[in-house]
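Trainee: Sequence plus predicted model, see below.
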Amino acid sequence: MKNFRKRGVLLLAAAAICAALSGCQSADSTRIVRIGHNQSTNHPTHIALTEFQTFINERLGDKYRVEVYPSELLGSQTDMVQLTQTGAIDFCVASNAILETFSKNYEIFNLPYLFASTEAYHHAMDDESLTGPIFDSTVKAGFTAVTWLDAGTRNFYTVDTPINSPADLRGLKIRVQQSPTNIEMMRLLGGSATPMGFGDVYTALQSHIIDGAENNEMALTDNGHGDVCKYYSYDMHQMVPDILIGNNAFMEGLTEKERAIFEEGFQLINTVQREEWVKAVENAKDRAQNEQHVEFIYPDQGPFMEACMPLHDSMLAENPDLQSTYDAIQAYNEQYPAQTE
Ligand code: GCU
């Protein structure tokens, strides 16, 4: 990953110089539209962005040429959000967890046990009256969210300690995303939170700097964490979406017709990514179990949930403006409750 980083820094410098000197025009004077993300080229997010690239290049290719940079080539998610803010790049995919540090409104989707089911999660995220005010809350910071992407359910996994209850997390160093909500969640669950960027997790696991991490099943296979971690425990603590954000100045510079085509493209990304996601997770579970020999554990989620619930009250007390969004999510939870087997 270190090499990626060095390369990322070089590319960043190149992108910034290009933006400053030429407004990102290519030799044939089409405007290059750069999108960065931190997943591999097999990942549903990359597949969806590649379809977007084809779509925009076909529809607006005389004026715009989309380029997609995977695998943290343009830096970590935090770096990429900052680059999108300044317009050095035009779009990037960031976990909702990272966006919490740019606008507190994003905290809501980082709450553990916020959504009762995948259906409730998807309906809430598709409800623009609910997401709109959150997606627009960074306008002053220079960027806006244009669509969301599925990142499944986050669960704990460890090198050698099966997690059956929060008590098993005690004394373990668990990597979390760099968000205050995640750090507090780990504190409530009794583990020791070790925040770091996604690209550093594999090496940290391998060198025993951390005992485990938490993520969806794809992290086991696509990022190789399952080569090191042999226990994956379905405590289902979070459904944290990924968010595609765009630089405001770029989007404001589009004509009305171009903007409509870009909007169609954002919708395409959402549709393709979610379809691909379902297949990718099934595939990851199968590979993790049969090739990496990861043991899947199904603990009682009750004690995990109970430990985390104080976070809901403290977030609403600190940010009362989010109460109506929270209530709207609870209504989806009632409509689409957890499936009991
Ligand atoms: C998931 C998510 C990424 C995020 C990563 C992480 O893979 O899709 O956006 O960066 O988790 O844990 O950091």
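Mentor: Structure received.
Trainee: Next, the buried residues of stretch 152-160.
Mentor: Neighbour counts over stretch 152-160 (16 or more other Cβ atoms under 10 Å) mark 152-159 as buried. Any C-beta I mention is one placed from the backbone N, CA and C, and that applies to glycine too.
Trainee: repeat for stretch 277-291
Mentor: So stretch 277-291, judged by 16+ other Cβ under 10 Å, has buried residues 277, 280-281, 284-285, 287-289.
Trainee: From those, pick the one nearest residue 39.
Mentor: The closest of the buried residues of stretch 277-291 to residue 39 turns out to be residue 280 (Cβ to Cβ; 10.3 Å).
Trainee: Which element, helix or strand, includes that closest one?
Mentor: helix 256-290 (DSSP states H and E).
Trainee: can you tell me if that helix touches the ligand.
Mentor: No: using Cβ under 6 Å from any ligand atom, helix 256-290 stays clear of the ligand, coming no nearer than 9.8 Å.
Trainee: Assign residue 237 to helix, strand or coil.
Mentor: Classification of residue 237 using DSSP: H, G, I helix; E, B strand; the rest coil returns strand.
Trainee: and it, what does it touch?
Mentor: Residue 237 makes contact with 112-113, 154-156, 185, 189, 214, 304, 308 under the criterion Cβ atoms under 8 Å, 6 or more residues apart in numbering.
Trainee: Equivalent analysis for residue 39, please.
Mentor: 45-46, 70-71, 93, 222.
Trainee: Max pairwise distance over those: which two?
Mentor: Using Cβ to Cβ, the pair of those lying farthest apart is 93 and 222, separated by 14.4 Å.
Trainee: With neighbour numbers in mind, choose between those two.
Mentor: residue 93 (30 against 20; other Cβ atoms under 10 Å).
Trainee: Surely the more buried one touches residue 44?
Mentor: No: assessed by Cβ atoms under 8 Å, residue 93 is found out of contact with residue 44, at 11.0 Å.
Trainee: joint contacts of the two?
Mentor: Common contacts of residue 93 and residue 44 (Cβ under 8 Å, 6+ apart): residue 149.
Trainee: re earlier: with pLDDT and secondary structure added, can I get the contacts of residue 39 in JSON lines?
Mentor: Shown next, in JSON lines, are these (pLDDT from 0 to 100; DSSP: H, G, I helix; E, B strand; the rest coil):
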{"residue": "45", "pLDDT": "99", "secondary structure": "helix"}
{"residue": "46", "pLDDT": "99", "secondary structure": "helix"}
{"residue": "70", "pLDDT": "98", "secondary structure": "coil"}
{"residue": "71", "pLDDT": "98", "secondary structure": "coil"}
{"residue": "93", "pLDDT": "99", "secondary structure": "strand"}
{"residue": "222", "pLDDT": "98", "secondary structure": "coil"}
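Trainee: would you turn the residues you listed into CSV with distance to the ligand?
Mentor: Output for the contacts of residue 39, formatted as CSV (distance: Cβ to the nearest ligand atom, whole Å):
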residue, distance to the ligand
45, 7
46, 11
70, 12
71, 12
93, 6
222, 8
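Trainee: Skipping its backbone neighbours, what lies nearest whichever residue of the stretch 201-341 of the chain sits closest to the ligand in space?
Mentor: For the stretch 201-341 of the chain, the residue closest to the ligand is residue 242, as judged by Cβ to the nearest ligand atom, at 4.5 Å. Leaving out its chain neighbours, the residue that sits closest to residue 242 by Cβ to Cβ, 6 or more residues apart in numbering is residue 149, at 4.1 Å.
Trainee: What is the neighbour count of the one you found?
Mentor: Count around residue 149 with other Cβ under 10 Å applied: 25.
Trainee: circling back: make a markdown table from the buried residues of stretch 277-291 and add pLDDT and distance to residue 254 to it.
Mentor: Shown next, in a markdown table, are the buried residues of stretch 277-291 (pLDDT from 0 to 100; distance: Cβ to Cβ, whole Å):
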| residue | pLDDT | distance to residue 254 |
| --- | --- | --- |
| 277 | 98 | 28 |
| 280 | 98 | 31 |
| 281 | 98 | 34 |
| 284 | 98 | 36 |
| 285 | 98 | 40 |
| 287 | 98 | 41 |
| 288 | 98 | 42 |
| 289 | 98 | 46 |
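Trainee: Good, wrapping up.
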